[in-house]
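K.L.:
pasting the sequence and the predicted coordinates here, then a few questions.
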Amino acid sequence: MKPTSPAETTSLFARRFRGYYPVVIDIETAGFNPKTDALLEIAINMLQMDEAGRLIPGETLHFHVDPFEGANLDASSLAFNGIDPFNPLRGAVAERDAISEICKAVRKAQKAAGCQRSVIVAHNAAFDQGFFNAAISRVNYKRSPFHAFVSFDTTSLSALALGQTVLAKACAQAGIAFNAKEAHSALYDTERTAELFCYIVNRWQEMGGWPLSNALPQEDTDESESTTEQA
């Protein structure tokens with residue numbers, strides 16, 4: 001399905017998610033503590049919208065990342081994801097460079113979609129958002145396009161729409177091919193999560209759940225959120 005030009009998709013994207021631009025993300029790490037454990041791999045998919053208002057996966061950015069200075073490397077986590085942080089063939093970049101390139105690309109896509117803020121979409125989103133926010137803070141990146149605490153969690157969405165919470169099982173239920181041997185790669189998991197999120201959002205539209213024909217316009221009343229979004 002062919003996406004429309006940025007000018008044509010602007011109003012659709014802005015209306016669909018209240019001005020948020022959804023960006024699918026997956027992060028592979030050397031542990032579970034975002035403040036102490038290394039971020040080792042990150043990928044994002046910048047979604048597009050076609051002329052009918054259906055979401056489709058867009059461009060993917062992918063980086064292997066060098067552990068930040070003093071980072072903890074948990075052996076069990078490395079065994080689980082199969083990453084050797086010091087393998088020169090990884091082609092890893094500094095955390096600052098990865099974060100900077102991602103934020104620049106997301107800000108450009110966000111602007112093209114006519115949105116005011118980007119929001120992380122991830123499977124178990126709290127985990128990825130925690131590590132991403134920690135990296136933003138660590139490198140002192142000043143103009144993150146992402147909302148600091150809002151996220152769209154495909155685990156919860158999959159439980160509602162498909163009766164599954166595991167990424168592989170949710171994809172299977174949605175008819176999305178999933179190769180378990182390639183799982184736990186940030187690149188692979190991001191692209192499957194993007195397909196899954198698009199499937200759920202588009203299926204909801206097909207069932208008549210969107211647009212809401214009888215909904216009344218709402219004004220933002222949460223001052224704390226408004227302040228955060230304008231920061």
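P.N.:
Right, received. Where do you want to start?
K.L.:
which stretch of helix or strand covers Ala52?
P.N.:
Under the criterion DSSP states H and E, no helix or strand holds Ala52.
K.L.:
got it, and Gln173?
P.N.:
Going by DSSP H and E, Gln173 is in helix 167-174.
K.L.:
separation between Val106 and Thr154?
P.N.:
Plainly put, Val106 is 18 Å away from Thr154 if you go by CB to CB, to the nearest Å. No exception for glycine: its C-beta is placed from N, CA and C like everyone else's.
K.L.:
I meant Tyr188, not that one.
P.N.:
15 Å.
K.L.:
check Pro88 too.
P.N.:
Distance from Pro88 to Thr154, by CB to CB: 34 Å.
K.L.:
helices or strands next to the longest helix along the chain in the packing?
P.N.:
As assigned by DSSP state H, the longest helix anywhere in the chain is helix 186-206. Packing partners of helix 186-206 (3 or more CB pairs under 8 Å, 6 or more residues apart in numbering; DSSP states H and E): strand 20-29, strand 39-49, strand 55-64, strand 117-122, helix 154-162, helix 167-174.
K.L.:
run through the residues that contact Gln173.
P.N.:
Residues in contact with Gln173, defined by CB atoms under 8 Å, 6 or more residues apart in numbering, are 158, 162-164.
K.L.:
now do the contacts for Arg15.
P.N.:
Counting by CB under 8 Å, 6+ apart, Arg15 makes contact with Pro211.
K.L.:
surely Gln48 and Ile56 touch.
P.N.:
Yes. With contact defined as CB atoms under 8 Å, Gln48 reaches Ile56; the gap is 5.2 Å.
K.L.:
more neighbours, the two?
P.N.:
Neighbours per residue (other CB atoms under 10 Å) separate Gln48 from Ile56, with Gln48 holding more: 22 against 15.
K.L.:
now Ala113: phi and psi?
P.N.:
phi -80, psi 0 (degrees, to the nearest 10).
K.L.:
which of the residues in stretch 59-73 are buried?
P.N.:
Neighbour-count burial for stretch 59-73 flags 61-68, 71, 73 (criterion: 16 or more other CB atoms under 10 Å).
K.L.:
helices and strands around the helix or strand hosting Phe127, which ones?
P.N.:
In the assignment (DSSP H and E), Phe127 maps to helix 125-138. Applying 3+ CB pairs under 8 Å, 6+ apart, one finds that helix 125-138 contacts strand 20-29, strand 39-49, helix 95-112, strand 117-122, strand 146-153.
K.L.:
rewinding a little: among the contacts of Gln173, which two are most distant?
P.N.:
Farthest-apart pair in the contacts of Gln173 is Ser158 and Gly163; separation 8.1 Å (CB to CB).
K.L.:
quick one: which of these two has more around it?
P.N.:
Applying other CB under 10 Å to Ser158 and Gly163 shows that Ser158 carries more neighbours, namely 25 against 10.
K.L.:
coming back round to it: Pro88 and Thr154: who's more crowded?
P.N.:
Thr154 (26 against 7).
K.L.:
the more buried one and Phe197 touch, don't they?
P.N.:
Yes. In this structure Thr154 lies within contact range of Phe197 using CB under 8 Å: 5.4 Å.
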